[in-house]
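In: coordinates only, no sequence provided:
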């Protein structure tokens, strides 16, 4: 009997809880893209209480790169607004543990690292709006190419809060101009998952020197009849946390997100 | 006693009706830009009944350049959805009368030309969405420059209906990229007055060879940190009617629109 198979195929629990249970049991350890389609996935940042207030303020001041969709009480393992049966220590496929800004472990379970002063932050992720774009028939280049979205550090400064500051990171998707307009309309409906783009057209105007050389992810082809469209990216808070080098922090491993019980459509504001 | 002054200053009628009465009495004969702010202004096309069905279908098939906001019964002087006290023969500042596609008169009153087979069409106009853009703090270059908006024939073909066919005409407003995104969001709310842009960025992709040489209106400066944003334009149906060369037609004179009792905000879909 395969526990993973049983979890995912069980008909009386939601696909999102099935995925979390598969993570909890250790059978799901890889990327979450394509898992539990229709459900919101979130970026994870866990910080000691002494940094939590400043980080919360940072999210509040920078809602486009840091759209906070869930937060825990200090020490709590739950994020009640995102899932009924949720243990933040075990329910992601893989984590990254940081000490003084240095990556020290990539476990599938952070129970051994848990402390009562830790505060969990969950931030919205572009998977939700990409699902809405594809549902509308818009092609997404990096998904067609089976690669990671290209991401770039910009010259747009985030609003600082306490020790947290730094440049906004953006993700880029090329579209034909009419599709770019449609993509702006669609993503405007999803402010809790980065919302409308922050820039369109000329990369140089936001400090991107070479569109073919992203700072994160992989480059994609931009055809001659397309323009690049830039969204605020959830890598921004990770990059900012890395700069602050907190004594202790936990994040999700890249691509291994928290799968929540909230449906993507529930985040649409209209 | 000045009748014009009395009409416009009367406190118990709306500014829109006051403007129509001033047109009716012959005291208002010039452009309507800036008159009765907050009220929808419309493009006028009056056609013989034998062409009306095809033109209606043309509007239906091409809602972005031809957003039909009002239509009369054949021979009727009223457009009831747009104003309670409205005589379409007299209530615009100035008209153009066409015979076989040739401009034969520019009167302030078309009562002498009226026929029982004429059908009135009123189409939404960009003044409504420009008001919403300015209310949001977005600068509109041609208004700052006190010039007409630049307009261009494109290689985008309208959907044909009967004898009506031809290229879409677009108007162009330059914006910084973040403002362009905001302008898309705002104008999306106004589908009855051209709605969201049809194109953004590269003019060549829609057949515009030289952005400095508009086909109608006047060129505006595009700064180095701006991109051109293109909206479907109400000149499209006028250009299409001119091509068809109907035996008889009446339109508004450029800039001398019908001022309606509908408020711009009432056309916002959200």
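Out: Arrived safely. If you're wondering where the values come from, they're calculated on a predicted model, not measured in any experiment.
In: show me where the stretch 1-150 of chain A dips below the pLDDT cut-off.
Out: Scanning the stretch 1-150 of chain A for pLDDT under 70 picks out A:1-11.
In: just the closest residue of it to chain B, please.
Out: Minimum separation of the stretch 1-150 of chain A from chain B (CB to the nearest CB) falls at residue A:64, amounting to 10.8 Å. No exception for glycine: its C-beta is placed from N, CA and C like everyone else's.
In: so that residue touches residue A:197, yeah?
Out: No - using CB atoms under 8 Å, residue A:64 is not in contact with residue A:197; the gap is 9.3 Å.
In: name the residue in those two with the higher neighbour count.
Out: residue A:197 (26 against 19; other CB atoms under 10 Å in any protein chain shown).
In: now what about whichever strand or helix holds residue A:53, what contacts it?
Out: For residue A:53, the host element (DSSP states H and E) is helix A:49-61. When contacts are defined by CB atoms under 8 Å, 6 or more residues apart in numbering or on different chains, helix A:49-61 is touched by residues A:45, A:47, A:66-68, A:71, A:74, A:117-119, A:121, A:123, A:158-164, A:237, A:240-241, A:244, A:246.
In: now do the contacts for residue A:172.
Out: Counting by CB under 8 Å, 6+ apart, residue A:172 makes contact with A:149, A:150, A:151, A:152, A:203, A:211, A:214, A:220, A:228, A:229, A:230, A:231.
In: the strands in the stretch 151-270 of chain A, which residues?
Out: In the stretch 151-270 of chain A, the strands defined using DSSP state E, counting those that start in this stretch lie at A:151-157, A:167-175, A:199-200, A:227-232, A:248-252, A:258-263.
In: reformat these as CSV; add mean pLDDT.
Out: Below are the strands of the stretch 151-270 of chain A laid out as CSV (pLDDT from 0 to 100):
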stretch, mean pLDDT
strand A:151-157, 96
strand A:167-175, 97
strand A:199-200, 98
strand A:227-232, 98
strand A:248-252, 96
strand A:258-263, 97
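In: a markdown table for the ones you listed, including distance to residue A:96?
Out: As requested, these are exported to a markdown table (distance: least, CB to CB, whole Å):
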| stretch | distance to residue A:96 |
| --- | --- |
| strand A:151-157 | 17 |
| strand A:167-175 | 17 |
| strand A:199-200 | 29 |
| strand A:227-232 | 22 |
| strand A:248-252 | 5 |
| strand A:258-263 | 13 |
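In: quick one: residues contacting the nearest residue in space to residue A:65 that is not next to it in sequence.
Out: Nearest non-adjacent residue to residue A:65, counting by CB to CB, 6 or more residues apart in numbering or on different chains: residue A:236, 3.5 Å away. For residue A:236, the contacting residues are A:62, A:65, A:66, A:158, A:166, A:167, A:168, A:169, by CB under 8 Å, 6+ apart.
In: thought residue A:240 was touching residue A:169?
Out: No - with contacts counted by CB under 8 Å, residue A:240 stays clear of residue A:169, the gap being 9.0 Å.
In: any common contacting residues for those two?
Out: By CB under 8 Å, 6+ apart, no residue touches both residue A:240 and residue A:169.
In: hmm, back to that, for the strands of the stretch 151-270 of chain A, which one sits closest to residue A:269?
Out: With distances scored as CB to CB, the stretch of those nearest to residue A:269 is strand A:258-263 (13.8 Å).
In: what residues of that closest one count as buried?
Out: Buried residues in strand A:258-263, counted by 16 or more other CB atoms under 10 Å in any protein chain shown: A:258, A:259, A:260, A:261, A:262.
In: would you verify that residue A:103 is located in a helix?
Out: No - assignment of residue A:103 by DSSP: H, G, I helix; E, B strand; the rest coil gives strand, placing it outside any helix.
In: what's the burial count for it?
Out: Counted with other CB under 10 Å, the neighbours of residue A:103 add up to 12.
In: next, give phi and psi for residue A:95.
Out: Here is the backbone geometry of residue A:95 (degrees, to the nearest 10): phi -120, psi 170.
In: what are the ranges of the helices in the stretch 1-150 of chain A?
Out: Ranges of helices within the stretch 1-150 of chain A are A:3-9, A:15-24, A:49-61, A:127-135, A:141-144, based on DSSP state H, counting those that start in this stretch.
In: looking at the ones you listed, which is buried most?
Out: Sort the helices of the stretch 1-150 of chain A by mean neighbour count, taking mean count of other CB atoms under 10 Å in any protein chain shown, and helix A:15-24 sits at the top with a mean of 23.
In: okay, the angle between that helix and strand A:258-263?
Out: 170 degrees (axes from the mean of the first three to the mean of the last three CA atoms, to 10 degrees).
In: check which helices and strands helix A:15-24 sits against.
Out: Packing partners of helix A:15-24 (3 or more CB pairs under 8 Å, 6 or more residues apart in numbering or on different chains; DSSP states H and E): helix A:3-9, strand A:258-263.
In: near chain B, which residues of chain A?
Out: Applying CB under 8 Å from any CB of the partner chain, one finds that chain A approaches chain B through A:177-178, A:180-181, A:184-185, A:188, A:196-202, A:205, A:225, A:227, A:270.
In: of those, keep whichever come out buried.
Out: The neighbour-count test (16+ other CB under 10 Å) marks A:177-178, A:180-181, A:184-185, A:188, A:196-202, A:205, A:227 as buried among these.
In: mind giving me the domain split of chain A?
Out: A:3-125+A:238-267, A:127-237 (automatic domain parsing).
In: residues near residue A:239, how many?
Out: By other CB under 10 Å, the residues close to residue A:239 number 20.
In: correct me, but it touches residue A:153?
Out: Yes - using CB under 8 Å, residue A:239 makes contact with residue A:153 at a distance of 7.3 Å.
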